[in-house]
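*Asks:* No letters, just coordinates:
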């Protein structure tokens, strides 16, 4: 399975202490999904206390005269900055917040609806848990919770969106909500070599394990495939972290693409998605909160899951992990992580490991490693594609164009649709845009429409490209040049 995107929920930071004035940047959530035509707010401007206060004053709408009472100096400049960065919007002589904010009565109303719907969804989630318990042995409660959340509920976006909105995935969304739900959790997903992925469950008070595990993805992946690791110090460190036992065996739950666990998880995802469609009218609820339906759905479905966890915690048949408290230890980490394996590590591993560690951006060392791989595997289209990226990254635009042109010529001959066929043309266009050759760039963007992109969504967050089809991205780049 080709992993071309990461979908994760990022919690900036949070304090559960009651504050007279909410610092919005500290209570913001960011869901990374498909590319949205709506620009997302640049929340960094809300680290300024005056900008934060202005934004709070605009939650229910405020005119310039009202705002000037609180901010007599440089208000015009600040409002311009907040509007241009999509934090505020100006309509009918009123400034309003340009992204969803749930505070006070609005938060209370959301709580009421979520509580009602969670009771309707609870029976199906209990069924999901029962099926997990019957299949996962030993059925450790923390491991079951991780799989329920990170491999089922937090993986259900695609099926829900196809059912409710006839789309592939939810749009990227930023929102603020206060207070945060006591059972709020998230998942960080990362690609691993061999087109698999790793899922790491976290909560407000349990996040340190993410950075540590990300440093050992290469080793964990190879150990999962029972491959030898030469660096004994790193192996010993994994034992210390509780991810390997004393015999150097993996303690993290692992499964393979298309095996019995993979199929089970997808069956449970479909059951949960069907129950959402049956019990929740997302479009009608969005109207009540005066929000775009898809944007509201992202927010609501997270809050709904958290409330379901709250209900499960009252259920004597399931012991919820107490992740919201500061009592998680290093030894607990293994139960909140899982690996989905796909292909056994290959000759390209060293190059790909360097590339991934460099945030999926190339440098001269990575370019040399990619070229070594292509000497042995000249038809490795993935490495050819990433080599084109890497040459682009270091400013070797002519070399990048040559490599991407070869890739395009090879992939367009394939009978099966290959997303790189269209995206190689897009990256040729990106190169020309940065070279100042706008006409050549547009020419290549237009060539994209000669090929059916089959609705495949690609994501390259290192270049601010969220999940989007080749056709849609080409349209945007024809309208506006690519900038780095």
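*Replies:* Structure's in. What do you need? Note that the coordinates shown come from a computational prediction; the quantities given were computed from them, not determined experimentally.
*Asks:* Which residue, other than its chain neighbours, is closest to residue 87?
*Replies:* Distances taken as C-beta to C-beta, 6 or more residues apart in numbering place residue 41 nearest to residue 87, at 4.7 Å, with adjacent residues excluded. Using the backbone N, CA and C atoms, a C-beta is placed for each residue, glycine as well.
*Asks:* Which residues are in contact with that neighbour?
*Replies:* 85-87, 98-99, 174 (C-beta atoms under 8 Å, 6 or more residues apart in numbering).
*Asks:* So it, which state does it fall into?
*Replies:* coil (DSSP: H, G, I helix; E, B strand; the rest coil).
*Asks:* Distance check, it against residue 28.
*Replies:* 9 Å (C-beta to C-beta, to the nearest Å).
*Asks:* Need the residues touching each of those two.
*Replies:* By C-beta under 8 Å, 6+ apart, the residues touching both residue 41 and residue 28 are residue 174.
*Asks:* so residue 340, which of the three states?
*Replies:* strand.
*Asks:* mind checking pLDDT for the nearest residue in space to residue 155 that is not next to it in sequence?
*Replies:* Excluding its sequence neighbours, the residue lying closest to residue 155 (C-beta to C-beta, 6+ apart) is residue 269, at 5.8 Å. Here, the pLDDT recorded for residue 269 equals 97.
*Asks:* In contact with residue 269, which residues?
*Replies:* Contacts of residue 269 (C-beta under 8 Å, 6+ apart): 152, 155-156, 159.
*Asks:* Output those residues in TSV; the columns should cover neighbour count and pLDDT.
*Replies:* Converted to TSV, the contacts of residue 269 look like this (neighbours: other C-beta atoms under 10 Å; pLDDT from 0 to 100):
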residue	neighbour count	pLDDT
152	24	97
155	19	94
156	21	94
159	18	92
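*Asks:* Filter those residues down to just the ones in helices.
*Replies:* residue 159 (DSSP state H).
*Asks:* Mind putting the contacts of residue 269 into a markdown table with distance to residue 313?
*Replies:* Shown next, in a markdown table, are the contacts of residue 269 (distance: C-beta to C-beta, whole Å):
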| residue | distance to residue 313 |
| --- | --- |
| 152 | 18 |
| 155 | 22 |
| 156 | 21 |
| 159 | 26 |
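*Asks:* Closest to residue 388 out of the contacts of residue 269?
*Replies:* For these, the residue nearest residue 388 by C-beta to C-beta is residue 155; the value is 30.4 Å.
*Asks:* That closest one and residue 265 touch, don't they?
*Replies:* Yes - because the distance of 7.2 Å satisfies C-beta atoms under 8 Å, residue 155 is recorded as touching residue 265.
*Asks:* ok, back up a step: so for the residue nearest to residue 87, what's the pLDDT?
*Replies:* 95.
*Asks:* With the one 10 residues further on instead?
*Replies:* The pLDDT attached to residue 51 in the predicted structure is 95.
*Asks:* what's the helix or strand for it?
*Replies:* Taking DSSP states H and E as the definition, one finds residue 51 inside helix 49-57.
*Asks:* which residues make contact with the next helix-or-strand element following that helix from outside it?
*Replies:* Counting by DSSP H and E, the next helix or strand C-terminal to helix 49-57 is helix 64-70. Under the criterion C-beta under 8 Å, 6+ apart, residues 53-54, 57-58, 75, 79, 93, 95 lie in contact with helix 64-70.
*Asks:* Just the buried positions in stretch 74-91, please.
*Replies:* Residues of stretch 74-91 classed as buried: 75, 78-79, 81-82, 85-88, 90 (neighbour count, 16 or more other C-beta atoms under 10 Å).
*Asks:* hang on, I meant stretch 463-477
*Replies:* 463, 465-470, 472-474, 477.
*Asks:* contact partners of it?
*Replies:* If you take C-beta under 8 Å, 6+ apart as the criterion, stretch 463-477 is touched by 5, 7, 32-36, 168-169, 172, 419, 422-423, 425-426, 429-430, 433, 441, 445-446, 448-449, 451, 453, 455-459, 484.
*Asks:* ok, now stretch 154-167?
*Replies:* Outside stretch 154-167, the residues touching it (C-beta under 8 Å, 6+ apart) are 7, 9, 33-34, 168-170, 186-187, 265, 269-270, 272-274, 276-277, 282-283, 293-294, 297, 301, 305.
*Asks:* Drop anything exposed from those residues.
*Replies:* 7, 9, 33-34, 168-170, 186-187, 265, 269, 272-273, 276, 282, 293-294, 297, 301, 305.
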